[in-house]
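In: Here is my input; please provide its structure:
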Amino acid sequence: MANARALDKRRKSIKNIRKITRTMELIATARFKKAMDRATAASAYTQRITKLVSDLAATGLEVSHPLMEEREETHRARMLVLTSNRGFCGGYNGSVVRLAQKKIAALTKELGEDGFNLEVSGKRGINAFHSAKLPIHVEYTHFEDKPSYDEIEVLANRYLDDYAHGKIDRFDVAYMQFETTARQHPVVETLLPLTSISGEELSDEPTSGAESMYKFDPSAESILAEVVPTSFKVKLFNCFLDAAVGEQVARMIAMKGATENAGDLIKQLSRQYNRARQSQITGEIMEIIGGVEALNA
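Out: Residues are numbered from 1 along each chain as shown. Got it, this is the predicted structure:
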């Protein structure tokens, strides 16, 4: 039978841990609500502008944009992996990193090590890729659960400039795509070239009524020059927002599970402590009785 004092000390220690995990769960819940509000507010704009680009591409007009044209051959690819700076979020980072590694292996095999660049956001992902001996060309640690559009726009402008000047032929983002609090999954999404918007292939064939939907002033080319880069920027921003929401959901669920497990362990230790204390008291009573009988003998 374990010592009652040791069991009580361990039980108090777990109670303190439960307070910490409960607090972390509440903090993650509050951050999730804020991140979800930001993502919801941005998603409507993202969906509308991507729909606009899809409609413009489907009008059948003789217009084109470099970002919407696939390269004949892909020689240089770049991937951005979005992970978190902090842990205690279950398998959130591991799922994204594993999927990214599979895609990296395929691209490296196809293009060679010199034809692929890796960029990672988040300390957890950076450490994971360092452990896997995969070279990281650019590291970001300043993005938290509240990424601003201005910060993302700086990144997006660099990617757009590199694509326009032929420094990259393809750009992918690996992140945790949020659907509901009970469902989220890691994805690797190709953002450049913009041959696909919201999962639907852009078609050069005119759609019925599409030509009458818009009037271009001064020209369709000038409109596309503004709208297409913006669609890429808001899509990249939406990836960061999804990743932020997914991180807080994963941490909320992980801390809730840890709190419940701590409660179960406390109940188990309490039963063990009560049995040990009862056995200790019984032993002390038997010693007293034995001493009394010895005196009366």
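In: what's near enough to touch the residue nearest to the spatial centre of the chain?
Out: Ranked by distance to the mean C-alpha position of the chain (CA atoms, centre = their mean), the top residue is residue 243 at 3.3 Å. Residues near residue 243 by CB atoms under 8 Å, 6 or more residues apart in numbering: 82-84, 175-176. All C-beta atoms are positioned from the backbone trio N, CA, C, and that covers glycine.
In: Quick check: the two most widely separated of those?
Out: Of all pairs drawn from the contacts of residue 243, the one with the longest distance (CB to CB) is 84 and 175, at 10.8 Å.
In: what would the contacts of residue 243 look like in TSV with neighbour count and distance to residue 273?
Out: Shown next, in TSV, are the contacts of residue 243 (neighbours: other CB atoms under 10 Å; distance: CB to CB, whole Å):
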residue	neighbour count	distance to residue 273
82	27	46
83	29	41
84	26	38
175	26	46
176	26	41
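In: If we only consider those, which is nearest to residue 146?
Out: Nearest to residue 146, judged by CB to CB, of these is residue 84 at 12.8 Å.
In: what's the model's confidence in whichever strand or helix holds residue 29, averaged?
Out: Secondary structure from DSSP states H and E places residue 29 in helix 4-57. In this model, helix 4-57 has an average pLDDT of 87.
In: Can you check which helix is longest in the chain?
Out: helix 220-296 (DSSP state H).
In: which is the next helix or strand following the helix holding residue 29?
Out: Using DSSP H and E, the helix or strand that follows helix 4-57 towards the C-terminus is strand 77-82.
In: hmm, who's touching that following strand?
Out: Applying CB under 8 Å, 6+ apart, the contact partners of strand 77-82 are 96-97, 100, 103-104, 107, 111, 115-122, 125, 129, 143, 155, 159, 162, 168-176, 188, 239-240, 243.
In: CA atoms of that strand as CSV?
Out: In CSV, the C-alpha atoms belonging to strand 77-82 read as follows (Å, rounded to 0.1, in the frame of the first residue of the first chain):
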residue,chain,number,x,y,z
ALA,A,77,8.7,25.8,-56.5
ARG,A,78,8.2,27.4,-53.1
MET,A,79,6.1,26.2,-50.1
LEU,A,80,5.0,28.1,-47.0
VAL,A,81,4.2,26.0,-44.0
LEU,A,82,2.0,27.5,-41.3
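In: ok, the residue nearest to the centre of the chain to residue 218 distance?
Out: 38 Å (CB to CB, to the nearest Å).
In: Tell me what angle the helix holding residue 29 forms with helix 220-296.
Out: Counting by axes from the mean of the first three to the mean of the last three CA atoms, to 10 degrees, helix 4-57 lies at 170 degrees to helix 220-296.
In: Report all helices and strands that helix 4-57 contacts.
Out: strand 196-197, helix 220-296 (3 or more CB pairs under 8 Å, 6 or more residues apart in numbering; DSSP states H and E).
In: where does residue 151 land in three-state SS?
Out: The three-state label given to residue 151 by DSSP: H, G, I helix; E, B strand; the rest coil is helix.
In: What separation is there between it and residue 132?
Out: 27 Å.
In: Those two - which one has more neighbours?
Out: Counted by other CB atoms under 10 Å, residue 151 and residue 132 do not tie: residue 151 has more neighbours, with 15 against 10.
In: The more buried one - nearest residue in space that isn't next to it in sequence?
Out: Spatial nearest neighbour of residue 151, chain neighbours left out: residue 143 (7.0 Å); criterion: CB to CB, 6 or more residues apart in numbering.
In: Do I have it right that that neighbour meets residue 239?
Out: No. Contact criterion CB atoms under 8 Å: residue 143 and residue 239 do not qualify, at 11.2 Å.
In: ok so, going back, quick one: which of the contacts of residue 243 is nearest residue 281?
Out: Distances from residue 281 to the contacts of residue 243, taken by CB to CB, are shortest for residue 84, at 50.0 Å.
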